[in-house]
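Enquirer: Provided below for reference: sequence and predicted model.
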Amino acid sequence: MLTIRLFIRAFLLPKNLILFAAFCCLGASVHLGYWHNFNLWTTRAVQSFAGQPLDYFFALYSYLGSPEVTGLACVVVVFLLWRRYGLNAALLFVYSMMAVTAIELIGKYVIFNPGPSREFQRWPWGSSKMLMIHVDTPNAFPSGHVIRTVFLLMIGSLLIKETALPRRWVMAVSCVLTALMVVNRVYLGDHWISDAAGGLLLAYLGYSWTAKGILAQRQRL
């Protein structure tokens, strides 16, 4: 019960309510088609650098955000949070990941935004479904790869920043990996840039729920 109260308290913080409202506004603008031209432009701009080496690089990099890899990473993160901050912190992360995943699925069924057509797809072996758990949804907003990867990177940074590693280097690596995943989704033709933007917002929201909940727990001790 304490963990649920901490999660609700974190959810109702003004900053997190603003983030959630921003995500909803972004979703509404995508649903209404305001991103259509910009999505096409950014996809063509990113793919103007296309070539076989980049096709293979981004296809392989994409697996870092797959459910299989991120699922294993979640198990590790739960263990590390439990060891460092206690069981409530680990459960806060689990609740936050479940919440953003639920919002992702709702978005993909409610917000009208079909993914890029086959002409934009750059997978060198023809499909993103090979070697990855894949759930077919009617729409593409937001990007699950971006949500899972960025959320885990942020939580990883939270865990690492209390070690001897320089914080600026941790942040720099996290930013590079995040940027690569965003470009990856657009380059491969799996998502539009609006989907990646939604994924970034939702990932940060999940991180904020977890981090603020942990902070509230530590202040109670």
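Expert: Okay, I see it. Numbers count the residues shown, from 1 in each chain.
Enquirer: CA atoms for contacts and neighbours, from now on please.
Expert: Noted.
Enquirer: can you give me the helices for the chain?
Expert: Secondary structure of the chain (DSSP state H): helices at 2-11, 14-31, 36-47, 52-62, 67-85, 87-110, 144-160, 167-187, 193-220.
Enquirer: packing partners of the fourth one?
Expert: Which is helix 52-62. Under the contact definition 3 or more CA pairs under 8 Å, 6 or more residues apart in numbering; DSSP states H and E, helix 52-62 sits against helix 167-187.
Enquirer: per-residue pLDDT, Tyr109?
Expert: In this model, Tyr109 is scored at 96, pLDDT.
Enquirer: please apply the same query to the one 10 residues further on.
Expert: At Glu119, the pLDDT value in this model is 90.
Enquirer: where does pLDDT dip in this protein?
Expert: For the chain, applying pLDDT under 70 flags the ranges 1-2, 126-133, 161-165, 218-221.
Enquirer: rerun at 50
Expert: 221 (pLDDT under 50).
Enquirer: middle-most residue in it, spatially?
Expert: Nearest to the mean C-alpha position of the chain, by CA atoms, centre = their mean, lies Ile147 at 1.1 Å.
Enquirer: residues in contact with that residue?
Expert: Val100, Gly199, Leu200, Leu202, Ala203 (CA atoms under 8 Å, 6 or more residues apart in numbering).
Enquirer: got a list of what the first one touches?
Expert: Taking CA under 8 Å, 6+ apart as the definition of contact, the neighbours of Val100 are Ile147, Leu202, Ala203, Gly206.
Enquirer: the same query, at a cut-off of 7 Å, please.
Expert: Leu202, Gly206 (CA atoms under 7 Å, 6 or more residues apart in numbering).
Enquirer: now Gln217: closest residue in space, sequence neighbours ignored.
Expert: In space, and not counting its chain neighbours, Gln217 is closest to Leu6: 7.1 Å by CA to CA, 6 or more residues apart in numbering.
Enquirer: what's the burial count for the one you found?
Expert: 22 (other CA atoms under 10 Å).
Enquirer: how far away is it from Leu54?
Expert: Taking CA to CA, to the nearest Å as the measure, Leu6 falls 44 Å from Leu54.
Enquirer: and Val170, by the same measure?
Expert: 25 Å.
Enquirer: got it, and Lys15?
Expert: According to CA to CA, Lys15 stands 38 Å off from Leu54.
Enquirer: now the phi/psi pair for Gly86, please.
Expert: Dihedral angles of Gly86 (phi, psi; degrees, to the nearest 10) stand at phi 110, psi 170.
Enquirer: wait, the residue nearest to Gln217 touches Lys212, no?
Expert: No. Counting by CA atoms under 7 Å, Leu6 sits too far from Lys212 to count as a contact (8.5 Å).
Enquirer: now for the closest residue to Tyr85 other than its chain neighbours, how many residues are close by?
Expert: Leaving aside its chain neighbours, Tyr85 sits nearest to Ile214 (7.6 Å; criterion: CA to CA, 6+ apart). Ile214: 24 surrounding residues under other CA under 10 Å.
Enquirer: Ile214 and Ala89 touch, don't they?
Expert: Yes. Ile214 lies in contact with Ala89 (CA under 7 Å); the separation is 5.6 Å.
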